[in-house]
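J.: what's the 3D shape of this:
(2 chains)
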Amino acid sequence: MSVPTSASFDPHSDEPDLPLYEARKQIYPQSVTGTYRRIKWIILAVTLGIYYILPFIRWDRGPNAPNQAVLIDMPHRRAYFFFIEIWPQEVYYLTGLLILAAMALFLMNALAGRIWCGYLCPQTVWTDLFMAVERLIEGDRRERMQRDAGPFTLEVFALKLLKHTFWLLIAWWTGGAWVLYFDDAPTLVMQLLTFQGSATAYISIFVLTFTTYTFAGLMREQICLYACPWPRIQAALTDEHALNVTYRYDRGEQRMSVKKAAALRAAGEPVGDCIDCQQCVAVCPTGVDIRNGPTLGCIQCGLCIDACDDVMTKIHRPTRLIAYDTDVNIKRRQSGLPNIFKPFRARTFLYAFVISVVGGMMVYQLATRAPSTITVIHDRNPVYVKLSDGRIRNAYSVRIANMLNDPRTYSFKVLGMDKAQVDIIGAEHASQGELFIEVGPDQTRELRVLVTHDNDDKRGAPVALYFEIRDELDGRLAVGKDFFRTPNTVH
Amino acid sequence: MEQKTSAPADTSTPVQTGVGTMGHIWDGIEELNNPLPRWWLWTFYACIIWAVGYWFFYPAIPLVSSYTKGLLGWQSRTQIELDMAELKAMRSGMTTKIEATELADIEKSPELLSFARAQGSAAFAVNCAPCHGAGAQGFKGYPNLNDDDWIWGGKAEDILTTIKHGVRWEQDSDSRSGVMPAFGRDGLLNRKEIATVADYVLSLSGLPVDKAADLAAGTALYAANCAACHGDTGKGNQEMGAPNLSDKVWLYGSDKAAVMERITIGGGGVMPAWSNRLDAATMKSLAVYVHTLGGGK
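T.: Got it, this is the predicted structure:
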């Protein structure tokens, strides 16, 4: 007796089971010309140009610092961006940048939908580039489809080999450009070419070559559909006033052929402008039909707008049957109301406000950055030392950071307690009772500072001490605060 | 394809999967006999071959009182020795400089000083902290190395000698020696005399004393028994390791009972000689570290 085993799967039932896996269908995007195609080319050239060329730009910081404009120096723990130099304790700038990036993305989304997905995302840019290479080598859509459906000849093999070689070359340079941000670019290029580069560099290049080639060449829209979280986040973030690439079905439906449309138009009947030429589907890099509305796969690159405009021009109908528009406006037009556009609404104001606040804070912080700092840490164990003459001594580890690119001398003072004797282990020239400390360029120096005082405070409250350093060259002060403790204060 | 199901068709081929069942039914639950994935199976075989190879080439099987050593002769102990040698070679740039430089010159050079303090601090934590404390603050009977009161000398060279040869360390003939007699235990002084001399000793460093103390008798007892080592005015003697009794630092406590206990049982603490266990550069770094804690002379 066979009993149904579970509600969803019964191996003995003869009802067909829905497959859970849909195999990928190869997409052959067609070439297209137009406004949005041009915008995409420009953005591609600018972003890729920046990516590949920026490591080679020089910026002079003096003899003691690297001269690469954009550099993340891991061994020396510094980050350089033109005139900005970041130390590891200032990593909160990175946090600020990430917040700004997120807010900028949200703002872009609130204004015009998936701009990131369609124009700026590295996946889109590199896939677009790889598709362009493919079109160049193998030909446009129909030619590729016919060749792939036909026999696997030597010519086919040669073309595919050429295409994949170029893809691997681009992917290799992508990985190469990445590692150039982490070391001096011209030197590293020479080292890599003569096989003297570090293992880390070669492995990074290998990994990035592999991922670029796979993601942009082989996986393409699968990343957008399955791997990337952003399409799903975008869907949740958008609202009815954000501009999206929209098929204006109020104008396009009922769709019919050109001849039929002309006949009905002559008879005064309502006619839809869409002639079902499927050009919007043919050019789509993710293979979706925009007439189904915004979907996960539609990255809103605007190429279908260009394709439809092309056809509309040919059949002498107005352009922008597909355009950046909102559903709200479609409904309004259907009711005879004029279009409304609301780029300034609560949401966009809020994002712009957060961007300005965070950006302003970062700029202020950067502008008021102190070039020298002093940090003081009290010895934890022992907190105080009783000397043989009964005096009490507290010891401190003091670290002076010179964030400038030339060596500096600082005068050192401890304020807050008169009649205190201050000694520094290993301090150099004490002139007229003052202590002077030299710190090299872009370096820190740790000192052991001893403060000795009579144990005459029976009340025993901890006394605040101020460790002050003064840059001898420009007179700038930095102060660190700590306390002097005696046996009476410690319990 | 028509396949009607009927009562126990245990090994019938279900319509969808095309795979037969194992042939058992447990409470109406059947199991499909799907083959193992090929990638998994061959990885498994590879692991088996690897394991067998491992038994031959590396130490693997425990025997009754030893173990199979493996054909490659690999030992984790050898690995550690290689790592230690590599570490030593890595440090040798600085350690050769430390060994070649005088202690006073090490303290004058910022580069050598900072290296010596770092190495000294690390070696101190491992070797010296168990007795002297993590911050060198000491405990009862274990000197505080931060202060400027030194039993055996506070110059850097003195500190280095103390580290090398220890204090009252039997295995080292050059060890610091000098033992306080047990005045009470060995019957040299009776309890009343010990109390009297203790009062005098407390007065030497300005500590409060009983009003009924007989300081004159204490002075006489002190001169007869203690001055030979501790000096006429209690300033101590670093040759003999006799502490300064007139300062504010007390190794065993400054109350009268503690002083009396010291006089009664005498003796003195023991410190190991480190010359057998630490290399020259480490000991010099330790000496510099202790000397620059703040109390060095």
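J.: How many residues are close by A:D276?
T.: 12 (other C-beta atoms under 10 Å in any protein chain shown). Backbone N, C-alpha and C define where each C-beta goes, glycine included.
J.: list the contacts for the spatially closest residue to it that is not a sequence neighbour?
T.: Leaving aside its sequence neighbours, A:D276 sits nearest to A:R255 (C-beta to C-beta, 6 or more residues apart in numbering or on different chains; 4.9 Å). Shown in contact with A:R255 (C-beta atoms under 8 Å, 6 or more residues apart in numbering or on different chains): A:272, A:274-276.
J.: Repeat that for A:N329.
T.: For A:N329, counting by C-beta under 8 Å, 6+ apart, the contacting residues are A:339-341.
J.: Model confidence at it, what's the number?
T.: A:N329 carries a pLDDT score of 93 in this model.
J.: Next: the one 3 residues further on.
T.: The pLDDT attached to A:R332 in the predicted structure is 92.
J.: just B:A123 next, same as before
T.: Looking at B:A123, the pLDDT reads 96.
J.: Around it, count how many other residues there are.
T.: Number of residues near B:A123 (other C-beta under 10 Å) recorded here: 20.
J.: close enough to count as contact, it and B:K284?
T.: No. Here B:A123 does not reach B:K284: they are 10.5 Å apart, not a contact under C-beta atoms under 8 Å.
J.: and the closest residue to chain B within the stretch 201-350 of chain A, how far is that from A:I377?
T.: Relative to chain B, the nearest point of the stretch 201-350 of chain A is A:T214 (18.8 Å; C-beta to the nearest C-beta). Per C-beta to C-beta, to the nearest Å, A:T214 is found 49 Å from A:I377.
J.: pLDDT at the most centrally placed residue in chain A, what is it?
T.: Nearest to the mean C-alpha position of chain A, by C-alpha atoms, centre = their mean, lies A:A101 at 6.6 Å. Looking at A:A101, its pLDDT is 95.
J.: can you check B:N33 too?
T.: 88.
J.: How many residues are close by it?
T.: 11.
J.: if I read this right, it contacts B:T21, doesn't it?
T.: Yes. Proximity of B:N33 to B:T21 meets the contact threshold set by C-beta under 8 Å, at 6.2 Å.
J.: what stretches of the chain score poorly on pLDDT?
T.: With no chain named, the answer covers chain A. Within chain A, the segments meeting pLDDT under 70 span A:1-17, A:428-433, A:459, A:490-491.
J.: my bad, the chain I had in mind was chain B
T.: Along chain B, the model assigns pLDDT under 70 to residues B:1-17.
J.: Please, where are all the strands along it?
T.: Remark: strands assigned in chain B by DSSP state E are B:21-26, B:29-32.
J.: Turn the ones you listed into TSV, including distance to chain A.
T.: What follows is those, written out as TSV (distance: least, C-beta to the nearest C-beta, whole Å):
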stretch	distance to chain A
strand B:21-26	8
strand B:29-32	6
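J.: counting contacts, what elements does the helix or strand harbouring A:F436 pack onto?
T.: Assigned by DSSP states H and E, A:F436 belongs to strand A:434-439. In terms of contacts (3 or more C-beta pairs under 8 Å, 6 or more residues apart in numbering or on different chains; DSSP states H and E), strand A:434-439 is packed against strand A:392-402, strand A:408-415, strand A:421-424, strand A:428-431, strand A:443-453.
J.: Pull the contacting residues for A:F210.
T.: Contacts of A:F210 were listed using C-beta under 8 Å, 6+ apart, and they are A:A171.
J.: Sort out which residues of the helix or strand it falls within are buried, please.
T.: Under the criterion of DSSP H and E, A:F210 resides in helix A:199-212. Within helix A:199-212, the residues that count as buried by 16 or more other C-beta atoms under 10 Å in any protein chain shown are A:201, A:204-205, A:208-209, A:212.
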